[in-house]
Structure formats: structure tokens, C-alpha cells
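Asks: just the structure for this:
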Amino acid sequence: MDGRLQDPLRDRVEAVLEGLTGHEIDQRDADAHGSVQIAVVRRQGCMTTIHHSIFLPTGFMGELGEGDPVAAHAHLTDLVLTAERCGFHTGWVLDHLHTVPPSQANLFECWTLVAGLLRDTSRLRVGNLVTANGYRHPVIQAKMAATADVLGNGRLTFGIGAGWYEPDFAALGIPFADGPARLRQLGEALQIIRSLWTQEQTSFSGEHYQVHGATGAPRRPHVPIMVAGGGEKVTLPLVARYGDQCNMLAGPKDLERKFAIIDRHCEAIGRDPAQIHRTATTTCLVADTDEQALAQFPPGAGDLWDGDVREYGLIGSPDTIRERIAGYAAAGVDELIIGFAMPDLTEAVRRYADEFIAAGTPGISRGRRC
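Replies: So this is what the prediction gives:
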């Protein structure tokens, strides 16, 4: 495996890697719970950190099997608590009603699970990656998210997208509109949800939604909104206008280009681009050598990503993975959301934390090993 990144990112990656041994990072660059830890320079030379988060297995790929769902949930809870102890920033869950392909395997419902995880944890943020807009009316969706955020004392990140998995729409009896129509629905929903969380009363009359005198209580400082997707004509402008965060499944080269598009849209509407927290979902398989990691990477495990994720994902030896983390950081990523492609997920979380979080950055006091 070639662990090197292509220009124009290479120089910045090397600068980041050099910084990892420079001992010039101040303690205040660590976050409140010691979560990560690779400092990078971007956005007019400002110092920031890249957070490491976990994409949780909730059953969509059939990974929870058809056995006892109580046991499956207990295993998931143990994994979440391990991630929290090890310094991960957020635990992310998806929102689907049927496995892919459809089966009888266990699949947990997103919002019930989010509420439970927020009560089971004390520091870890919990987020949706992402909730499908079409499954719930935006008024009830906003109420659900605001209530969940109260349960977690402000630790929810609300991720939302247009929805894409047709079997879920069919099960709900909802027409599966074409992509542009679903994106228009998403745009209206984002306006309604943000208004409910920032205004005392919301009325809205659109093509898809009608809202009359709705209130968003319980009202707190509004839940951060992540808009997911990399569509350059519609989704990225929605990120710039309504999103506090964005998420894409792409490599550093594509991410850098798409982040620049978000920046231009922000500038066009007078918004500071630095207000948008940039996340990227990746996959991880750590082995002693790059060749071993490639050989162990499951067939089809990279199908959801743009391009060949084996060329840029966190797949390889520890040294290769450090370089690739630096590549994401140099592209402008604030938070990596990691789906582990390793059979023992709890052990994978511990190894990742020891290799790349607790021992990842000189100059920041290290968290306990787990």
C-alpha cells in the first residue's frame, strides 16, 4: 500500500507530521475530556485539533445478527462506554428501519437508541449519522431532538440528510421522491427546525410542509445541526446556510475541494466559514503492516465511500494511519468519524486509542490507557 498522499496536500501533511514531534502544542488545545489531539494549522493559520469519533454498529449491515437483542444492546453499550473511557469525542448512530439487504437481523431504532446512549454516558457526545428527513415531520423531529439533548445535558449533535434507502420509505408508505425533491424537502425542514430552536414561535408555508404557530420547547441553546452529503449544487449550499457541521464520505483531496465550495457559499451570504465544524467519515483497520491490513479488509467494506477508500482510509500499519490522519487534518477536517472494519470492535477501540489518541501527540498530557 502506498501511504503517501498526492500533492497539493503532501507539503501540509508533512508539516503536520513534523509538528507531532515539535512539542509546541499547548495544553489548552486538548478538549474538555482529553479527547484528541493532533494539532494542525488551517484557516488563516489558526491552530485547531482533530477529534476522533466512532461510528457505532447498530445493525444496518446485519452485524448484530438474529440472536438475543438484549445481548446485542449490552454489547453495544459496553462498546460505547469503552469509547468514552478511551477519549473518543462522539458516538454516531445511523437512522434506518431495515437492514441492507433486508433481513431479520437486529436493527435498533435511531432515536430511542440515542436517548438511551445519552443516559448511559456522561461525557461522550452522541449524534445521528444521519437521521432521514422524510421519516418524521420536522416539528416532531425538532421536539424529539430537543428532548434528547436535555437527557444528555447538551451532548446531542443533530445530523440530518435527505434519506436514500428506498425500502425504509416503502415500509412507511412514504413516496420515494427523486433526489431534487428530497433535497427541497430537506431545505424546508432545516428552516423549520432551526426556527423552532431559535424563535419563540414558528409558522411556515412551503411546497412540502405547513407549520402554524409551532413552539420548540424545551428550548435551550440550540442543538448543533449537521447537514450530511457532498452534493455541490444543493447540499453544500444548505450546509453554508443552515448547518453548524457538515459530513462527507470522501478522501482528503475531495474534501479539501468541497470544503472550499462551502467557504465560498459562506462568503456569499456573509457567514464566517470557520463557524462550520467539518467532519468526515472513514474506515479503520490497523495491522502490523500495510499488506496485512489490505489482506484483512473485508470485501465490499468500502462500497459507500467515494473512490477507493483503501487508498486514503485509515487502513494499514500505525505509521501509515498516522500519515493518513494528518492528511485528513491538512485537508481541513475537524472530526474523523471512524467505522472499524475489525472483528473485535472493543479491542479495536482500545488499540486505536492507545496508538493515536493517548499516545498520539507530544506536548499534550496523555490520557489514561484503556
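Asks: only alpha carbons, please: show the helix or strand hosting residue 158 as PDB.
Replies: Per DSSP states H and E, residue 158 falls inside strand 156-161. The C-alpha trace of strand 156-161 is given here as PDB (Å, rounded to 0.1, in the frame of the first residue of the first chain):
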ATOM      1  CA  LEU A 156     -26.500  15.800  21.300                       C
ATOM      2  CA  THR A 157     -25.400  16.600  17.700                       C
ATOM      3  CA  PHE A 158     -28.400  16.500  15.300                       C
ATOM      4  CA  GLY A 159     -27.400  15.100  12.000                       C
ATOM      5  CA  ILE A 160     -29.800  15.100   9.100                       C
ATOM      6  CA  GLY A 161     -29.900  14.300   5.500                       C
END
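Asks: what's the following helix or strand after it?
Replies: helix 166-172.
Asks: list the buried ones in that following helix?
Replies: The neighbour-count check on helix 166-172 (16 or more other Cβ atoms under 10 Å) flags 168, 169 as buried. Every C-beta, even on glycine, is put in place using the N, C-alpha and C of the backbone.
Asks: now do it: distance to the chain's middle.
Replies: 24 Å (Cα atoms, centre = their mean, to the nearest Å).
Asks: what angle sits between the following helix or strand past that helix and strand 156-161?
Replies: Remark: after helix 166-172, the chain's next helix or strand is helix 179-198, criterion DSSP H and E. Going by axes from the mean of the first three to the mean of the last three Cα atoms, to 10 degrees, helix 179-198 is angled at 160 degrees with respect to strand 156-161.
Asks: following helix 179-198, which helix or strand shows up next?
Replies: Following helix 179-198 in sequence, per DSSP H and E, is strand 202-205.
Asks: on that earlier part again, and the strand holding residue 158, which strands flank it?
Replies: In the sheet, strand 156-161 lines up against strand 125-128 (parallel), strand 131-132 (parallel), strand 225-228 (parallel) (DSSP bridges).
Asks: in CSV: those, plus mean pLDDT.
Replies: Formatted as CSV, the strands paired with strand 156-161 follow (pLDDT from 0 to 100):
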stretch, mean pLDDT
strand 125-128, 98
strand 131-132, 97
strand 225-228, 98
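Asks: ok, then the element right after the least confident helix or strand in the chain by mean pLDDT?
Replies: Ranked by mean pLDDT, DSSP states H and E, the weakest helix or strand in the chain is strand 38-42, scoring a mean of 38. Counting by DSSP H and E, the element after strand 38-42 in chain order, helix or strand, is strand 46-55.
Asks: how about the residue nearest to the spatial centre of the chain, phi and psi?
Replies: With distances taken as Cα atoms, centre = their mean, the residue of the chain nearest its centroid is residue 337 (4.7 Å). For residue 337, the backbone dihedrals (degrees, to the nearest 10) come out as phi -100, psi 120.
Asks: which residues does it contact?
Replies: 53, 54, 55, 90, 92, 129, 247, 279, 280, 281, 282 (Cβ atoms under 8 Å, 6 or more residues apart in numbering).
Asks: got CSV for those residues, with distance to residue 179 too?
Replies: Shown next, in CSV, are these (distance: Cβ to Cβ, whole Å):
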residue, distance to residue 179
53, 27
54, 29
55, 24
90, 28
92, 23
129, 19
247, 18
279, 22
280, 22
281, 20
282, 25
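Asks: contacts for the helix or strand that contains residue 256?
Replies: Using DSSP H and E, residue 256 sits in helix 252-269. With Cβ under 8 Å, 6+ apart as the test, helix 252-269 has contacts from 5-6, 9, 230, 232, 236-237, 239-241, 246, 248, 250, 272-273, 275-276, 278, 280, 306-307, 312, 327-328, 330-333.
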